[in-house]
Structures are given as C-alpha cells and as structure tokens.
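>>> just coords:
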DNA sequence: GTCGATGTTATCAA
DNA sequence: TTTGATAACATCGA
C-alpha cells in the first residue's frame, strides 16, 4: 500500500510525535517482523531518545541517540500508529514501542510483509536495503531522469517501479504518472521520445507532490501516524477507475496487466508505438 | 466454500 | 538483459 507519498506522510507524522521522546521498552509480539534478532530491540532500545526521522524511497529511517537507527519498511499493509496506551489493542499489532511518556508507537501489519530492523547509524549507506536504491524521484534532475530511464529497454512501467532505478514509485503512482505523461505502460523505455520522457519527469513530480499534499492515498487501509486517512484517492485519474470516463477524452478507462500488476490506462490517450518487427 | 485480486519485494527459472 | 511465475500473508468481493 504505501508508496513514496504515504511513507512521506508517515515520516512527517512521526517527526511531530516522537522526536525527543525516550523509549521505555519494546515488546515484540510477532518476531518474524523484526529482521536480525528480535531481542536486539528489547535489549538495545530502552533509554534511547528519538532524534530524527527521514525517508529514503519507501524506507523509514528513525535515528536514535547513541548511534543506532531503526529501519521500518511498511511493504503492503504496515502502519506506525501513535496511540494512548489504553487504546484497544488492534488486531495485527506486532511490535509496540512503549515511551517514557506512557504513549505507544505501535507497528501494525495485516499481511505481515513489512519489517523492522536495527542498524548502526554510521553504516546506513552500506545497508543493502539502502545502498541499492535509485535516486529520489522528487530530487532527480530532468536530464539525469531521462538518461537513466532511456538506458534500459524494459517496459516503462516495471522500470518506473524498480526501486534500483527510482526509489519510491509503486503501482498507483506509476499508473497516474504514465497517464499524465500520455505514455503507454508497455512502451520500451529506450524507444520513448525525449519529449515524452521530459513530460514523464514533470508528471512524476506533480503526481507525487499533489499526493503528499493530500496526505497520501487510502485505497484499502493506509493510515497516517495519527490514524488519519489519505485523500488523494479522490483525485485518481486512472487508478482503480476502469469503466469510468478518461478525464481527458471521456473514453472508458481500461484495466490491463503489465509485469504481473493491474494497470489502468486510457487506450486513446496512451498509445503503444508499433514495435519494430525485425 | 472457492477463486482471484490487493498498494511490495526477493528469488528463481526460462 | 529481461520476463514471468512464485512466495510470503490476511482479507474482501464476486
């Protein structure tokens, strides 16, 4: 569920809530969620203070004092919730950070794909989950963006979602960006015109920016740190809108499969250039 | 009850 | 090099 905008909103929410607070203890209810040794959390975290929270791609990086960081990947259904300790224990709550103030930061994850890991702040760049990430889509310059995408001949949509190419795009924002740029998701990246790739660079920035401004998208069950739902799903132009009219040309949006993922397009506005037939 | 789909990603085979 | 299938898991809707 959470792509770059949702993760960014969680990070901002966490910043508001946890910076400067001290961890009293950590309880792990589902050890599989913690990479490395789950005991590490209980052992190394008590007494530490949250110093900063940031994002790299879809990964949340929480810095503590004493040179340790907590990495959190929400994958499909992870949530980090800021709650009163007496708040009812919701189903799928797997890890609880008990803060000295009495408050809870709870990790909840219905499908249990997400994970939490302790890491040394000094060596974050060597963490494989971080070292392999491509540039931030909201920071990369146009020329570098075009060069990077055009150097592969894969289908443009799976390429956009490849975290080593760009870090942060997932299924929703790939569909929305390709629609805005009027590019068919099956187009071979190496054969897309400079004009279209320039358009895609702008589209990615605008789509992600607006989604962040809207507190993300809640399609199934995304929640911000304070349990708030996103609003960008009300602005989808193609995602999950099959059968409804294209906002540009009124022809019905169709749903196809690309790289194994459900993909929403307007077949008129996003045309596939004829493949060379060798 | 069954089947297929769901926003992610790692891994394997072709 | 690129692709598709599969797996991890729970839930929902047809």
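On my side now, so go ahead. It should be emphasised that the depicted structure is a prediction, and the values quoted were computed from it without experimental measurement.
>>> And for residue A:232, the neighbour number?
Using other C-beta atoms under 10 Å, residue A:232 has 26 other residues around it. No exception for glycine: its C-beta is placed from N, CA and C like everyone else's.
>>> any idea how far DNA strand B is from it?
Distance, residue A:232 to DNA strand B, by C-beta to the nearest atom of the strand, to the nearest Å: 11 Å.
>>> so that residue sits right up against residue A:217, yeah?
Yes: using C-beta atoms under 8 Å, residue A:232 is in contact with residue A:217, at 4.2 Å.
>>> Need the overlap of contacts for those two.
Contact criterion C-beta atoms under 8 Å, 6 or more residues apart in numbering; residues shared by residue A:232 and residue A:217: A:5, A:211.
>>> Flag every residue of the stretch 1-150 of chain A that's near DNA strand C.
Residues of the stretch 1-150 of chain A lying near DNA strand C by C-beta under 7 Å from any atom of the strand: A:91, A:92, A:110, A:111, A:112, A:113.
>>> May I have the predicted confidence score for the closest residue to DNA strand B within the stretch 51-200 of chain A?
Across the stretch 51-200 of chain A, no residue is closer to DNA strand B than residue A:170, which sits at 1.8 Å (C-beta to the nearest atom of the strand). In the prediction, the pLDDT value recorded for residue A:170 is 95.
>>> That one and residue A:148, how far apart?
Distance, residue A:170 to residue A:148, using C-beta to C-beta, to the nearest Å: 18 Å.
>>> Show me which of those two is the more surrounded one.
Neighbour count, other C-beta under 10 Å: between residue A:170 and residue A:148, residue A:170 has more, with 20 against 17.
>>> Surely that one touches residue A:5?
No: taking contacts as C-beta under 8 Å, residue A:170 lies outside contact range of residue A:5: 9.7 Å.
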